Structures are given as structure tokens and as C-alpha cells.
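Engineer: Model the following, please.
(2 chains)
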Amino acid sequence: MASHDDKGVKRSNMDGNDQDSKRIKRAENGDAAPEKYNPYLAHLNEDGNGNGTNGDFESPLDAFERHKTTAAQAAQAEDSELNPWTGQPHSQRYFDILKVRRDLPVHKQRQEFLDMYHNTQILVFVGETGSGKTTQIPQYVLYDELPHTNGKLIACTQPRRVAAMSVAQRVANELDVELGQEVGYSIRFENRTGPKTMLKYMTDGQLLRESMHDHDMSRYSCIILDEAHERTLATDILMALLKQIAARRSDLKIIVMSATLDAQKFQSYFYNAPLLAVPGRTHPVEIFYTPEPERDYLEAAVRTVLQIHATEPEGDILLFLTGEEEIEDACRRISLEVDDMIRESDAGPMKVYPLYGTLPPAHQQRIFEKAPEPLRKGGRPGRKVIVSTNIAETSLTIDGIVYVVDPGFSKQKIYNPRSRVESLLVSPISKASAQQRAGRAGRTRPGKCFRLYTEKAFKKELIEQTYPEILRSNLANTVLELKKLGVEDLVHFDLMDPPAPETMMRALEELNYLACLDDDGELTRLGGLASEFPLDPALAVMLISSPEFYCSNEILSIVSLLSVPSIWVRPNNARKRADEMKMQFAHPDGDHLTLLNAYHAFKGAETNGDDMKRWCHEHFLSYRHLSSADNVRAQLKRIMETHDISLVSTPFQDKNYYTNIRRALLAGFFMQVAMRESSNSKVYKTVKDDQLVMIHPSTSVTSPYDWVVYNEFVLTTKQYVRTVTNIRPEWLLEIAPVYYDLDTFEKGEIKSALTRITDKVKRRQAIKGSGSAR
DNA sequence: GAGCACTGC
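Structural biologist: Prediction:
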């Protein structure tokens, strides 16, 4: 409804004067009645025209005054026999949970919280793990915002979907309501909220998406940003936006919730907002450092795990490593050594579990199995060890961990704006990360953390905080979003950590080439359309342009496949068979086309009624990722339909079926093109930035052309381009004439090659022109 | 002839 041009217009009337008047009326009622805090007399003050809670019943809430709730008052309402929000009798489970809730550290400070909340627009809340902040604070707000009186919602954002879903479920139980009614959640692909919803958990990215169509976030009376210390891209942008919105909307309250470390940074960023700190509930963790730096951290890690097993009392171990390969390797080594230990020194049994994101969920679940029993009655106790990436640092909590082994490294995304390459690099972790890792040992009882670096290194070499994502990313997508969000002046957009000017410039340049921004940096129609899609700008532009190439159905499929993790499965023990299977789908001219073939085969088998899990397994394809591509496709298709982007195909028998698709790829990816150094060479040079690259060995392109378009640049042992498709250079000049304006090219092989091609095309056109009647 | 930290729309 609101295009980005009419921002600010709708505000005055949408906020609702009648809601204000209602609020005032209620305040008068309350003030007039001396019994205003007695919920049981509340109905005597009612004017009888149903401005009460959701149903027609007497609720203790009727005596509440917005932004004046006290902890005692709220507690009394919570103790009522009837649910104050629904009028239904409270269940026994409700009262059981209530007892547990009142035991949480945060409960003691409910009044203190409310006092602060009443007196400020923005509040910084610091609570360590186990404080109960994520579940309780939104409920404290609920009892103070009284959403039923003004129809506005309370939002609580989470960086991850699972968290949004599980916390919403928990809070629905705590409030004794059905999930999706008074309490709901909203994540990509799933909106479980309804007309009654008052409290909504959501991912930070989802709130950002929403705000693209509601620049003032006018649906909400309070927005709680949880886990703000994680500094996701979405949280950083939301913080800056909310800072702006707060100035326009005095009725909007904001709570920023974070773990301890950088609370002051949040405070000073939000105009010295007041701070409330609540202690957590964890057990002490003893920290050990190595006296000398370790040369080989993998070896040291394996050794430490075995030593714990040999000498420390019962309790499970968590070892942090950086990636799949390293983890599988460590698991093998630990298992072998433990077998020796059992034979030689009667050690207890030990089960080793790998844990990383690309592991299928069923395998991930295994980490929750119990530690093994002693090998014989009265024998040494069994133990489990989990060897994990950073996923166990934030996303997954495992109870029962007593020992943590921390070599001090993780893979981190790095962005180099000069070469425009994002890559993963094994880097030292931050102090905050190290602390978080250590904390994983103290969730159920006192624990120990073995850091495989010296205390001096911890103090002197580790940075305080991991750099926020916004400083480590290509910002093309972000800049497009900001433009759509109505942020006019990017340079003065008040981000907590402003990215390097060069990164901004690169993003603007990229968007300008993609015609999403005009030369003045204004959003174009294409740019506005592109921002509607949850895609990187190049993919969005490719999708929007695809009808011009008569293949939007196919490009839609390809874009979806490129938006999910790889659909190819290649188990270590069946690589050859997996590769052979992949060859069945291979298209000699391009990996994009191979992906499409696999997808079409998948959909064909589905129509046949095959058992798809089995079919995928047999064809070494990932059922999970193909299904999620299907999901993405449906979402993108809906967006295309709402914006009248037509879905068309070239008939499959037409000889141009694949050519059209290959040409359409260039509409978005004309900047990701490489030219072969010389014929028969394996080395390519990327256009304009002259990087030397090789085609990734996973390719299905059998006879590479001199020119290829690629989906991504990966920097591993070598510089590779991955997912490549053969193209003809004359297409470049035709499809992206601005970017391929030869005057803008540095002198070199690429420029001369393109010049030759331009001349050839001109000659050919001249002949055609003179030869045909047209 | 390699690899894929994690997350999100």
C-alpha cells in the first residue's frame, strides 16, 4: 500500500486519534476510582461499551492503565483464576510454569524494569544466559502496553528462525494461550500470527522486510531487539532505523537486549539510554591456558580431549573446530586413540559426535543421545564428546557439557571491497567468543574450559568483539534495502559501526551498473522491483529481466536453486558414484543448466508419484535442499505475480531453449564474466578486475568456451569460479552495453578481444543491412 | 581435481 514516496503521510491518521481518546478516557476512569488497583472491582469503572480485553468478560486488566502497570498489579492479574487475556480458566500447567517463572533472576527486577520502561523511550537491557530475558521481558511489556486497548503489537526479534519459533511456543505456554493466537511468530515461509496477536516473535530480517512497506513500523507500540550483541546485518540496520523512527514516533518504545560485554556501546549509541542489568544463572567455569603457544592446534585439541577422558571425572566434552573436514578428521583420530586407551588402560567408553551446519538434521540430533554406559558393571564411566563448529556457540545448546576445549579459531567471512570478493578465512576468535565458548561448560554444573593458547595471547592478541557482519560483507543488497526503506542520505545514516567508504562505493557502483540506482543514486523502477525480492540484486535483476529472454520459468528455477545450499550430495565413501550420477544431469554448456536439469528430473519424478526421499538418495541429490528450493521458488513466483512479471518459456524443442537461458543469465551477471587466457589454457581472467581464476573442479562444463559467466568467486587453495556457463562475448555487448562500453576498459587482452568482436559484429550487420530488404 | 563458519529475507 505504501510506496516509498508517500512515507510520512499516513502516520497521523493511522496512529488513531480514537485510540488516544480511549486511552485518556481510561486514565480518567482509573484516576477517579480509589480502588483502581483492585482488579476485582475493575468492572465497576467500566463504561460498558466493551473497550475491555478480547472477549466480553471482566478482566483484571480493565483496571490497568497503559504505561503505569506495577509489578504487584501484574502479578495479581497473573494469579487470577481466569486468564486475563482470554477469559478462559487458567490450566494447572500455567500455574506450574508460573512458579518456575517467578524463580528466574529477571523476576526480582520486574518493578525496576517497569519503572525504567515508563520513564524512557529507549532502554538497554543486559541479561546473561539463564536470566530469562527473552521469555519474560516481552511479557512484562505486554502487561504494560496493553495491546488490546490500542491494537498495536509488541515485536521481539531474534537472529534465528528456530529461536523465534521455539521461544514463541514457550511464551504461548507461559501465557496459557494457543500459539498463533495472542502470541505468535513470523519467519520467512511461515507466519503464525492472527488478528488476536499481541506479542510477535520474529526474525530480525523479517522485521526489516516488513518495514520496507511500513517505514514507521506503525503496527508496533514496542520493539524489542534481542541478542543485539550478535550484531547481525539486520539488527544493525534495524537499530539505525529505529533510532530515526524513535525521533518521529514518540509513542514507540524500544528495548535493546544484549549479553553483557558491550552494553555501554549500545547505551551511548542510543543517546545514553538507561541500562538495566540482570544477572544470569550459570555455574562457575574454571579456565586453563596452555603455558606455551601450540604449534598444531588440531593435534593439541585431540590430545587435550584424550587427557580429559583419562584424568577428569565424569562429564561430556565439547571441542570447537573450524569446519567439516577438520571435524571429521578429529573425530576419526579421537575414536582411534580411545580404542587404544580402552585396550591399554581400561579407559571408559567414549562416543564421538561431529556437529556442523551442513550435517543433516537427523545426524545433528544425535548429539543429544546419552553418554555411553560403562563397558562392564562397575567399570569407568562412559563419556560423549562433541566436535563442533561455531554452531554450538550460539545456535545450539547442549546440556550436560562440563568440559570445553577451545583452540581459539573459527572460520569467518571476510570481504575485500577492492577485489569484491567475499571469502572464508580461519581466524582467531574474539574475547567475547572465547567467553561464550567457556560458558557452554557451566550450564548444568561447574565446569572447566581448556584454552589452547596462552593467557597472554588471550589478553593481548584477541580482539574484544568479533567485527560486526556489516563490516565484513558486500553491501549491495543492504544499500538497495536502505534505499527502499527511504534512507536518502546513506553517508549520514547513523550506523553503530559505519562500513568503509570503499565498501559503500562498491555497492553503489554495482547497483548503478545493474540499473537499480540511477546516476544520482536514486532508486529506479527496476531497483524498486528488485528490492521486493529476498535475493541479491544480481539475481533479482536477472529474474526480473528474464521474460525478455522468453525463459522466466527456467530462470525462476535457476535463481531458486542458486539461493539454497548445494543440491549435490557427495559422500566421502561414494564420491565416484555420486559424480557419475551428477553426469546424468550434466549439460555440457553450463552448471546453471545442469542444475535446471536436475530440478526438472526431480519435479518429473515427483509427478510420477515416486518416493522422493528415496529418489533423491538414489540420485545423490539433497531432498532437503531441493524441497527448500521449491519453497523459495513458490515465494518468488508469488512476488513475480503481484508485480505482473510474466512467466514464460521457450518451447523445449526450440533450438534456442538453452541459448535463451544462457543469455538471460547475463542480464544479472554480466559483471561476473571471465575470459580464457589463451585457447587450451585452464586459466581465466575476470573481466574488469583482472583476477586470474580457474573453473572449479565440480563443474559439469565439458568443453569450456573462451568466455564464461560465473555465479561465485571462491578463494580456497586457489582462486576458483564456481557454477559457470559458456557464453558468447557478443551477447555481452548487446545485453550490457553500458558495462561493456569499451572506452571504460583498461588496455589489455580483454579489451582487444572485445574490440575484435565489436568490429566483427559491425561488419556482419553491414552485410546483413545491405543484403536484406529491411 | 576441490570442499561447505553461521545466519537471514
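Engineer: residues touching the closest residue in space to residue A:422 that isn't next to it in sequence, list them.
Structural biologist: Nearest in space to residue A:422, with sequence neighbours left out and distances taken as Cβ to Cβ, 6 or more residues apart in numbering, is residue A:415 at 4.9 Å. C-betas here are computed from N, CA, C, even on glycine. Contacts here follow Cβ atoms under 8 Å, 6 or more residues apart in numbering; on that basis residue A:415 touches A:421, A:422, A:472, A:473, A:474, A:503.
Engineer: now these as CSV including distance to residue A:446?
Structural biologist: Rendered in CSV, the data for those read as follows (distance: Cβ to Cβ, whole Å):
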residue, distance to residue A:446
A:421, 45
A:422, 41
A:472, 36
A:473, 39
A:474, 44
A:503, 44
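Engineer: So which of these belong to helices?
Structural biologist: Residues from the contacts of residue A:415 lying in helices, with DSSP state H as the criterion: residue A:503.
Engineer: which of the contacts of residue A:415 tops the neighbour count?
Structural biologist: Using other Cβ atoms under 10 Å as the neighbour test, these are led by residue A:503, with 24 neighbours.
Engineer: Can you name the residue of the stretch 651-774 of chain A nearest to DNA strand B?
Structural biologist: Using Cβ to the nearest atom of the strand, the point where the stretch 651-774 of chain A gets nearest to DNA strand B is residue A:716, with a distance of 2.1 Å.
Engineer: Equivalent analysis for the stretch 1-150 of chain A, please.
Structural biologist: Among the residues of the stretch 1-150 of chain A, residue A:134 lies closest to DNA strand B, at 15.0 Å counting by Cβ to the nearest atom of the strand.
Engineer: Secondary structure of that residue: a strand, I assume?
Structural biologist: No - the assignment for residue A:134 (DSSP: H, G, I helix; E, B strand; the rest coil) gives helix, which keeps it out of a strand.
Engineer: Test my guess that it contacts residue A:226.
Structural biologist: Yes - between residue A:134 and residue A:226 there is a contact at 5.5 Å, judged by Cβ atoms under 8 Å.
Engineer: Overlap of the contact sets of the two?
Structural biologist: Both residue A:134 and residue A:226 are in contact with A:156, A:158, A:257, where contact means Cβ under 8 Å, 6+ apart.
Engineer: Just say helix, strand or coil for the last one.
Structural biologist: Right, the one you point to is residue A:257. Classification of residue A:257 using three-state DSSP returns strand.
Engineer: per-residue confidence at it?
Structural biologist: According to the model's per-residue confidence, residue A:257 sits at a pLDDT of 94.
Engineer: Need the contact partners of stretch A:70-86.
Structural biologist: When contacts are taken as Cβ under 8 Å, 6+ apart, the neighbours of stretch A:70-86 outside the stretch itself are A:37, A:39, A:53-55, A:57, A:59-61, A:64, A:88-90, A:94, A:98, A:110-111, A:114, A:140, A:143-144, A:148, A:175-177, A:182, A:198.
Engineer: Pull stretch A:174-182 out as CSV, backbone CA atoms only.
Structural biologist: Once non-C-alpha atoms are left out, stretch A:174-182 reads as follows in CSV (Å, rounded to 0.1, in the frame of the first residue of the first chain):
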residue,chain,number,x,y,z
GLU,A,174,3.5,-19.4,29.8
LEU,A,175,0.6,-17.2,29.0
ASP,A,176,-1.7,-20.2,28.6
VAL,A,177,-2.7,-19.3,25.1
GLU,A,178,-2.6,-21.1,21.8
LEU,A,179,0.4,-20.4,19.6
GLY,A,180,-0.6,-18.2,16.7
GLN,A,181,-3.4,-16.5,18.7
GLU,A,182,-2.4,-14.0,21.3
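Engineer: How about residue A:130: what's its closest non-neighbour residue?
Structural biologist: Using Cβ to Cβ, 6+ apart and skipping the chain neighbours, the partner closest in space to residue A:130 is residue A:281 (3.7 Å).
Engineer: pLDDT score assigned to the one you found?
Structural biologist: As predicted, residue A:281 sits at a pLDDT of 82.
Engineer: My guess is it contacts residue A:106. True?
Structural biologist: No - the pair residue A:281 and residue A:106 does not pass the contact test of Cβ under 8 Å, sitting 9.8 Å apart.
Engineer: Between those two, which is the more surrounded one?
Structural biologist: residue A:106 (24 against 15).
Engineer: what about the closest residue to that one other than its chain neighbours, neighbour count?
Structural biologist: Beyond its immediate neighbours in the sequence, the residue positioned closest to residue A:106 (Cβ to Cβ, 6+ apart) is residue A:132, lying 4.4 Å away. Other residues near residue A:132 number 20, with proximity taken as other Cβ under 10 Å.
Engineer: Ok, residue A:766 next?
Structural biologist: Residue A:766 sits with 10 neighbouring residues when counted by other Cβ under 10 Å.
Engineer: Now the common contact residues for residue A:281 and residue A:106.
Structural biologist: With contacts taken as Cβ under 8 Å, 6+ apart, residue A:281 and residue A:106 have residue A:131 as neighbours in common.
Engineer: tell me the SS of the closest residue to residue A:315 other than its chain neighbours?
Structural biologist: Among residues not flanking residue A:315 along the chain, residue A:402 sits closest, at 2.8 Å (Cβ to Cβ, 6+ apart). Classification of residue A:402 into helix, strand or coil gives strand, according to three-state DSSP.
Engineer: Name all residues that make contact with residue A:402.
Structural biologist: The contact partners of residue A:402, taken as Cβ under 8 Å, 6+ apart, are A:314, A:315, A:316, A:317, A:441, A:444, A:445, A:446, A:447, A:448.
Engineer: got it, and residue A:724?
Structural biologist: Residues counted as contacts of residue A:724 (Cβ under 8 Å, 6+ apart) are A:590, A:591, A:674, A:695, A:696, A:699, A:701, A:704, A:708, A:709, A:710, A:711.
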